[in-house]
Every structure is written in C-alpha cells, then in structure tokens.
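S.K.: My questions are about this predicted structure, shown below with the sequence.
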Amino acid sequence: MMKDLATVALLAAVALLVAQPAVGAKSLDLDVVGVHKYTELLTGNTEALVTVCPVPVEIMRHTVECDVESFVKVGLEYANEVGPGNRSALGYEVLDIVNDFLDSAKGTTPVNDVWGYYSQETGMTLAVVGAGNGVSILDTTVPQAPVSAAFFKGYFSIWRDHKAYSNYIYSVHDSMYGQAFIDSLTNVDPTYLEPYKTGDGLSVIDVSFPRTPKEVKRDNSDFEFAHNIFIETDRPYAYVCGGDVTKGMASAGGIRVYDLSDPENPVSIATWGDFYVHDLVVQYREDAGYVLYACGINETPPNPSLFLLGVNDPAGAGVETISIWPTTYKLTHNAWPTLNNEYLYVTHEDIGSPVTIFDIRDVHAVKEVNEIYIVKDNDGVSAHNAFVKGEDELWISYYTEGVVVYDISDPVHPVVAGQYDTSHLKVGFGGAWGVWPGYGDPNPYIYVSDMQHGLFVIEPKDVTPAAPSPIPAPAKTSLAGPYAVSFISLFIGFAAAAGLAFIVIKARSSGGAGAYVAV
C-alpha cells in the first residue's frame with residue numbers, strides 16, 4: 001500500500017509540473033496603461049445601408065453593423081448597375097456616405113498595422129498606426145494619454161505598413177481591390193473609382209520634431225501599392241514587397257530595394273520578382289552575411305513558400321536566391337529569426353494553423369522542427385504577425401486572442417509568458433492586427449493595434465517566479481520506501497508555495513479582456 005501511495009504522489013507531482021511552465025520560465029503581466037480609440041462614425045441613410053450590407057460584424061463600430069469594406073464594394077456594385085446618369089440610385093448614396101467618412105481629417109477604422117518611434121534627441125515616443133483612410137501618428141510620451149500628433153490622409157485600404165529609420169517614418173499600403181474588379185466597373189462615374197484604383201506608393205514622414213510630424217514625400221512612380229516594408233537598422237536599405245512593386249516581372253508583387261542614404265529621397269537599387277512576397281525581414285549572420293527571409297502567402301504546399309535570399313550587395317549583385325523551402329501549412333504570412341540566427345518563427349494566416357518553428361542553422365538545409373498553438377488546435381483563431389525581441393521573447397499579434405508573448409529561452413519549445421486580449425471577438429480575423437515590441441526604445445511599453453478598437457499601450461511587468469532552493473534528499477531513500485510519500489508531499493507543497501503549480505497565464509472572461517483592468 002505504501003508503494004502505491006508513493007507512485008500516485010509521484011504521478012501527481014509530475015502531472016502538475018508538465019502542465020506548467022518550466023522552473024524559471026519568464027512570466028509577464030501585460031497591463032494596459034493607455035488606449036486611443038478610433039471612433040469616427042458613418043452617417044447618412046443608415047436604413048438603406050442596412051439593406052445592402054452583406055457582411056454584418058459582431059460589434060457596433062459604425063452607426064450600422066457593417067464594415068467599411070463592404071459598404072464600398074456594395075456601393076460600387078450598385079452604382080455599376082444603374083450608371084452615372086442616376087445619381088439618386090442607392091449605390092451612389094452609399095459611395096457618397098463612405099467617401100465623406102474616409103475624407104475625415106482624422107484616422108478611422110478599420111485600424112491595421114502599428115509601429116513605434118523613439119526620439120533619442122528629445123526622449124519622446126510616437127506610435128504610427130495605419131487607419132482605413134491614412135496614417136495616424138500619436139504622441140505616446142505620456143503612455144496613459146496618447147494624443148494625435150498628425151494624420152496624413154491617403155487612399156482607402158485595410159492594409160498599411162510602416163517602419164522607422166533615422167528621424168523618418170516610411171509607410172506603404174496595399175490595393176483594396178484587384179485590378180480585374182476595378183476594370184469590371186465600366187458603368188460607374190470614374191470620380192468614384194479614383195480612391196480604389198490608384199495608390200500612394202511610398203510615403204516619407206519627417207518626425208525630427210515629434211510633436212509636428214510632416215510628410216515630405218509621397219511617390220508612386222516605382223509602384224502604387226505594396227503590402228509590407230522592412231528597413232535595416234545598420235545599413236540604409238529599405239525593402240518593400242507585395243502589391244505591384246515589381247510589375248512587369250514574373251511576379252508583380254516581389255521585392256524592391258531602396259537606398260535611404262538621402263532619407264527624404266529614396267532611390268530604387270534592386271528588384272526580385274520570382275515569387276509574390278507577402279512579408280520579409282533581413283538579419284545579418286556570420287555564415288551567410290545579410291539574409292532576407294521572405295514569405296510567399298500565395299504558394300500552397302508542397303510548393304515552396306519560404307525564401308532565403310542574399311542581400312549582401314543589393315546595389316551591385318542585387319537580390320540573390322540562397323534557398324527556397326516548402327512549409328507544412330499554407331498561407332505563409334510572416335517570419336522572424338532568433339537573434340543568433342538558429343531558429344525562425346513563421347505565422348500562417350489561416351484559421352486553425354499553428355505558428356511553425358524552423359531550424360535555420362544551415363541556410364541550405366532548413367527544416368521544420370515544431371509547431372505551437374495558443375488554444376487547442378487553434379480552433380477558430382489565427383496568428384498574424386510575430387516578432388522576436390532580445391534573446392528570449394517572441395511577441396505575436398494573435399487576432400481575436402489579442403497579443404501573446406512567449407518565453408523562447410528554449411527556442412524549440414516556447415512557453416506562454418503573458419497575454420492580453422484586446423478584443424471581445426472570439427473567432428476569425430478581427431482584433432489584434434499588429435504589435436510593436438519596443439525596438440530601440442528604453443521605455444518598457446509595447447504597442448498593439450486592434451482593428452476595431454484602436455491603439456493599446458501595454459506595459460509588461462515581470463512576475464517570473466523565483467526558482468526554488470534545492471531540497472536535500474534523505475541519506476537513504478527510495479520511492480518505494482517509507483520516505484516516499486512525505487518527500488513527494490513536501491515537494492508538491494513547496495512547488496505550490498513557489499507559485500509553480502498554480503501559475504495563471506491567461507484569465508479571460510466572457511468579455512474577452514475582462515480579467516485585466518485598463519487605466
């Protein structure tokens with residue numbers, strides 16, 4: 001009987017430890033300290049809009065339960081049916097309402113990506129948020145009260161991306177509708193099509209004086225639309241991808257490289273158009289120099305969708321292919337390497353797909369080594385953007401699951417260190433679009449953009465439990481002996497006291513973020 005009790009106690013202790021983070025694993029409380037909401041409303045003939053709106057959503061983010069994208073598309077389709085001669089037609093009513101909405105002097109939903117900027121000269125901080133109708137720049141120096149510093153209106157898009165270099169912000173946006181759809185609208189007044197068939201190209205914003213940002217250039221001579229932009233921190237090179245950045249090549253949405261030696265006048269120096277590239281990141285490694293990791297979201301397994309490219313000399317040798325690899329899961333969305341260039345975290349923008357981990361220690365022998373889920377089978381949810389910060393943090397904007405930070409001290413087996421749910425939505429592609437983990441900012445704050453609710457400023461607080469002191473074993477003992485039950489009971493009690501057996505990583509009420517208090 002004593003032996004059976006010892007075995008039960010041992011199994012109970014093991015089960016508790018397996019279910020919890022390893023001893024010493026990082027644990028972070030993510031507290032919201034500031035919020036900036038985008039609450040601009042649609043107005044007008046709401047009865048008519050309810051009639052035609054085909055995509056109801058769970059929240060009231062306008063005066064009717066419908067998203068802007070649906071308004072636009074339905075308006076264009078209805079207007080195309082009747083033609084420009086009948087301005088009283090429902091389609092033109094819708095387009096008038098939406099265009100007035102998008103012509104606002106401030107950012108409006110839907111919100112998309114976010115980035116940050118820290119001024120070494122002034123100590124001020126800015127959040128750069130993509131809005132449906134332009135680029136919103138917020139002064140977050142007082143994180144509890146973000147205030148608008150500037151807004152630069154642009155063409156309507158639910159996709160914007162921005163990065164910082166020196167004292168400048170560089171921003172791009174993607175096309176809302178494909179050219180085929182626009183070309184099919186032969187019966188619409190052309191003035192109503194302008195905001196959807198052309199784009200802003202590359203925008204350059206001077207933030208030398210953070211309280212008064214100014215746009216110094218908007219150039220669409222090289223491209224009109226791009227999906228993403230990445231900028232190196234140690235060389236003056238920017239990389240844009242997607243959209244039509246390499247029109248005329250095998251893929252119109254490949255990669256275009258810019259030299260930012262003159263920050264206000266970027267110069268295109270190289271292109272790579274073998275595949276469509278949705279997102280990319282560049283990092284230097286000792287064995288291969290500057291390596292660009294690119295994601296081909298349009299490629300499905302077993303076709304290659306993860307591209308490793310060489311950019312040691314983009315102005316001379318250009319962009320060179322090192323190796324290309326397939327992924328187990330489709331919709332390869334974004335990727336980010338560990339600082340030591342040993343592992344790569346890859347998101348797949350597909351409900352139910354995990355975040356996959358690749359061993360990249362050999363650029364010519366890349367292999368998938370693990371996959372991680374935030375809920376069982378990622379049922380109803382999808383990761384969006386992943387970023388590695390420092391040696392042991394992986395930050396992910398996880399749509400309806402909010403923002404999640406993993407401890408990657410063991411890079412192949414990450415452990416959830418903290419989570420904050422920005423959205424009350426439960427499934428799908430709403431909620432947390434982007435996260436900026438605070439690169440280059442001595443302040444502790446993290447920015448998260450929620451598509452429906454705006455900007456969240458989050459402060460991570462380290463609550464990592466201390467590792468327990470070693471427990472000396474009795475001089476002579478065995479799990480079958482008389483000391484077994486008391487030893488295991490002591491261990492379980494000590495573990496519980498140390499917070500090991502009952503660490504709560506995420507407490508989520510039916511309201512989504514109800515377990516955390518925003519101040």
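M.R.: In hand now; what should we look at?
S.K.: CA atoms for contacts and neighbours, from now on please.
M.R.: OK.
S.K.: any idea how this structure splits into domains?
M.R.: 1-12+477-519, 28-40+104-462, 41-103 (automatic domain parsing).
S.K.: pLDDT averaged over the shortest one, what's the number?
M.R.: Read it as domain 1-12+477-519. Across domain 1-12+477-519, pLDDT averages out at 31.
S.K.: next one: the second one
M.R.: Mean pLDDT, domain 28-40+104-462: 96.
S.K.: what distance separates that domain from the middle of the whole chain?
M.R.: Distance of domain 28-40+104-462 from its chain centroid, counting by CA atoms, centre = their mean, to the nearest Å, is 6 Å.
S.K.: deepest of the domains of the chain, which one?
M.R.: Greatest average neighbour count among these goes to domain 28-40+104-462 (a mean of 20), per mean count of other CA atoms under 10 Å.
S.K.: Only alpha carbons, please: show stretch 102-121 as PDB.
M.R.: Taking Å, rounded to 0.1, in the frame of the first residue of the first chain, the C-alpha atoms of stretch 102-121 are listed here in PDB:
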ATOM      1  CA  LEU A 102     -13.000  58.400 -45.500                       C
ATOM      2  CA  ASP A 103     -12.400  62.100 -46.200                       C
ATOM      3  CA  SER A 104     -12.300  62.800 -42.400                       C
ATOM      4  CA  ALA A 105      -9.300  64.800 -41.100                       C
ATOM      5  CA  LYS A 106      -8.500  62.000 -38.600                       C
ATOM      6  CA  GLY A 107      -7.900  58.300 -38.700                       C
ATOM      7  CA  THR A 108     -10.900  56.000 -38.900                       C
ATOM      8  CA  THR A 109     -11.500  52.300 -38.500                       C
ATOM      9  CA  PRO A 110     -10.600  49.700 -39.700                       C
ATOM     10  CA  VAL A 111      -7.200  50.000 -38.000                       C
ATOM     11  CA  ASN A 112      -4.400  47.900 -39.300                       C
ATOM     12  CA  ASP A 113      -0.700  47.800 -38.500                       C
ATOM     13  CA  VAL A 114       1.300  49.600 -35.900                       C
ATOM     14  CA  TRP A 115       5.000  50.600 -35.400                       C
ATOM     15  CA  GLY A 116       6.900  52.800 -33.000                       C
ATOM     16  CA  TYR A 117       9.500  55.600 -33.000                       C
ATOM     17  CA  TYR A 118      11.700  56.800 -30.100                       C
ATOM     18  CA  SER A 119      13.500  60.100 -30.400                       C
ATOM     19  CA  GLN A 120      17.000  60.000 -28.900                       C
ATOM     20  CA  GLU A 121      17.200  63.800 -29.100                       C
END
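S.K.: Residue 345 versus the nearest residue to residue 449 once chain neighbours are set aside, what's the distance?
M.R.: With sequence-adjacent residues excluded and distances taken as CA to CA, 6 or more residues apart in numbering, residue 449 is closest to residue 455, at 4.7 Å. Distance from residue 455 to residue 345, counting by CA to CA, to the nearest Å: 25 Å.
S.K.: Check residue 116 too.
M.R.: 22 Å.
S.K.: Going along the chain, name the helices of the chain.
M.R.: With DSSP state H as the criterion, the chain has helices at 2-19, 46-52, 68-82, 90-102, 179-184, 194-197, 484-497.
S.K.: can I assume residue 423 is in contact with residue 397?
M.R.: No. Counting by CA atoms under 8 Å, residue 423 sits too far from residue 397 to count as a contact (11.5 Å).
S.K.: Overlap in contacts, these two.
M.R.: residue 432 (CA atoms under 8 Å, 6 or more residues apart in numbering).
S.K.: Tell me which stretches of the stretch 51-200 of the chain form strands.
M.R.: 114-118, 125-131, 134-139, 147-153, 160-165, 168-173 (DSSP state E, counting those that start in this stretch).
S.K.: on contacts alone, who are the packing partners of the shortest one?
M.R.: For strand 114-118, the packing partners by 3 or more CA pairs under 8 Å, 6 or more residues apart in numbering; DSSP states H and E come out as strand 125-131, strand 160-165, strand 432-436, strand 446-450.
S.K.: packing partners for the longest one?
M.R.: With contacts defined as 3+ CA pairs under 8 Å, 6+ apart, the secondary structure elements packing on strand 125-131 are strand 114-118, strand 134-139, strand 160-165.
S.K.: Ok, which of these comes nearest residue 183?
M.R.: strand 160-165 (23.3 Å; CA to CA).
S.K.: Residues contacting that closest one, please?
M.R.: 112-117, 128, 130-131, 169-174, 227-231, 233.
S.K.: mind redoing it with 7 Å?
M.R.: Contacts with strand 160-165, where a contact means CA atoms under 7 Å, 6 or more residues apart in numbering, come from 112-113, 115, 117, 130, 169-174, 227-231.
S.K.: And stretch 266-283, by the same measure?
M.R.: 227-228, 230, 232, 241-242, 246, 249-260, 290-297, 314-315, 318-319, 333-336.
S.K.: if we go to 8 Å?
M.R.: Contacts of stretch 266-283 (CA under 8 Å, 6+ apart): 222, 227-230, 232, 241-242, 246, 249-260, 290-298, 314-315, 318-319, 333-337.
S.K.: Please export the C-alpha coordinates of it as CSV.
M.R.: Extracted in CSV, the C-alpha atoms of stretch 266-283 (Å, rounded to 0.1, in the frame of the first residue of the first chain):
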residue,chain,number,x,y,z
PRO,A,266,14.8,57.0,-51.5
VAL,A,267,16.5,55.5,-54.6
SER,A,268,15.4,52.2,-56.0
ILE,A,269,18.5,50.0,-56.5
ALA,A,270,17.3,46.4,-56.9
THR,A,271,14.3,44.2,-57.6
TRP,A,272,13.5,40.5,-57.2
GLY,A,273,10.3,39.2,-58.8
ASP,A,274,10.5,35.4,-58.9
PHE,A,275,7.5,35.0,-56.5
TYR,A,276,4.9,37.1,-54.7
VAL,A,277,6.3,38.1,-51.3
HIS,A,278,3.8,39.0,-48.5
ASP,A,279,6.3,39.9,-45.8
LEU,A,280,10.0,39.9,-45.2
VAL,A,281,12.8,40.5,-42.7
VAL,A,282,16.6,40.9,-43.1
GLN,A,283,19.2,39.9,-40.5
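S.K.: where's residue 366 relative to residue 117, distance?
M.R.: 34 Å.
S.K.: Same check on residue 92?
M.R.: Distance from residue 92 to residue 117, by CA to CA: 40 Å.
S.K.: what's the answer for residue 254, then?
M.R.: 27 Å.
S.K.: Can you give me the end-to-end span of stretch 424-442?
M.R.: Stretch 424-442: ends 31 Å apart by CA to CA.
S.K.: Check stretch 189-208 too.
M.R.: End to end - CA to CA - stretch 189-208 spans 42 Å.
S.K.: Need the residues that contact that stretch.
M.R.: 83-84, 95, 119, 154-156, 167-177, 179, 182, 213-226, 264.
S.K.: give the contact list for residue 334.
M.R.: Counted by CA under 8 Å, 6+ apart, residue 334 has contacts 278-280, 294-295, 346-348, 384-386.
S.K.: Please repeat the previous calculation with a cut-off of 6 Å.
M.R.: Counting by CA atoms under 6 Å, 6 or more residues apart in numbering, residue 334 touches 279, 295, 346-347.
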